[in-house]
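**Student:** coords please:
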Amino acid sequence: MDDSGLWPWILTVTFAGAMVVAMVWDLVTFEIPDTLSVTLVVMALAALFLGGQGWSVISFHLLGGLGAFAFGVVMFSLGQWGGGDVKFMAAVSLWLNGLALIQYLLVAAIAGGVLAVAILVFRRFSLPQAWAERAWLAQLHRADKGLPYGVALGSGGLIMLGPAVAGVIGP
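**Tutor:** Below is the predicted model:
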């Protein structure tokens, strides 16, 4: 597929938009809509198959997505992640290949560490009354809530935006 014109722009906007929506949605609701993950999977597969990628490249993208999904299932079974995090990370991983996938996972893990520290600090202090009246901030402040890990996964995706789009467009 010709990588000039509208298609790369559509892929870039779709990927970046999904990252931002997932981050905000997860921060506010502690959930990531399945429609974001499904959209990412459909767009990645369309780009891979329409872009003239060889089966070896497509298979590595698929293996990366499946491997990320398997890792996410382990995290879910340990009670560390929600189902939305698992599906979202697998969908994002489908866009990346080889070193770019490893970089994404590393960046997302670092972002997750920063997120964890930031939220732990946030939870150590009392919320001002005006903040406590906002349901999403009150929920985020609760010590018994987990982390909205979609923020870390989306941050990693935004940082890897260029390699993600280039990875599915192909030569």
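
**Student:** which residues does Val21 contact?
**Tutor:** Applying Cβ atoms under 8 Å, 6 or more residues apart in numbering, we find Val21 in contact with 33, 36. Using the backbone N, CA and C atoms, a C-beta is placed for each residue, glycine as well.

**Student:** And it, how far from Glu31?
**Tutor:** 12 Å (Cβ to Cβ, to the nearest Å).

**Student:** try Gln103
**Tutor:** Distance, Gln103 to Glu31, using Cβ to Cβ: 27 Å.

**Student:** What is the helix ranked longest in the chain packed up against?
**Tutor:** Within the chain, and with DSSP state H defining each element, the longest helix by residue count is helix 99-124. Contact partners of helix 99-124 among helices and strands, from 3 or more Cβ pairs under 8 Å, 6 or more residues apart in numbering; DSSP states H and E: helix 55-77, helix 83-94, helix 135-141, helix 150-159, helix 161-169.

**Student:** can you rerun that using 6 Å?
**Tutor:** Counting contacts by 3 or more Cβ pairs under 6 Å, 6 or more residues apart in numbering; DSSP states H and E, helix 99-124 packs against helix 150-159.

**Student:** Tell me what angle the helix it packs on forms with helix 83-94.
**Tutor:** 10 degrees (axes from the mean of the first three to the mean of the last three Cα atoms, to 10 degrees).

**Student:** What lies in contact with helix 150-159?
**Tutor:** Applying Cβ atoms under 6 Å, 6 or more residues apart in numbering, the contact partners of helix 150-159 are 19, 22-23, 26-27, 32, 88-89, 92, 104, 107-108, 111-112, 115.

**Student:** tell me which of these is nearest to Leu66?
**Tutor:** Checking these against Leu66 by Cβ to Cβ gives Met89 as the nearest, at 11.7 Å.

**Student:** What are the buried residues along the host helix or strand of Met23?
**Tutor:** Per DSSP states H and E: Met23 is located in helix 6-29. By neighbour count on 16 or more other Cβ atoms under 10 Å, the buried set for helix 6-29 is 7-8, 11-12, 14-16, 18-19, 21-23, 25-27.

**Student:** count of residues packed around Val42?
**Tutor:** Counted with other Cβ atoms under 10 Å, residues neighbouring Val42 total 12.

**Student:** Revised request: answer the last question for Ala70.
**Tutor:** As a burial measure, Ala70 scores 11 neighbours (other Cβ under 10 Å).
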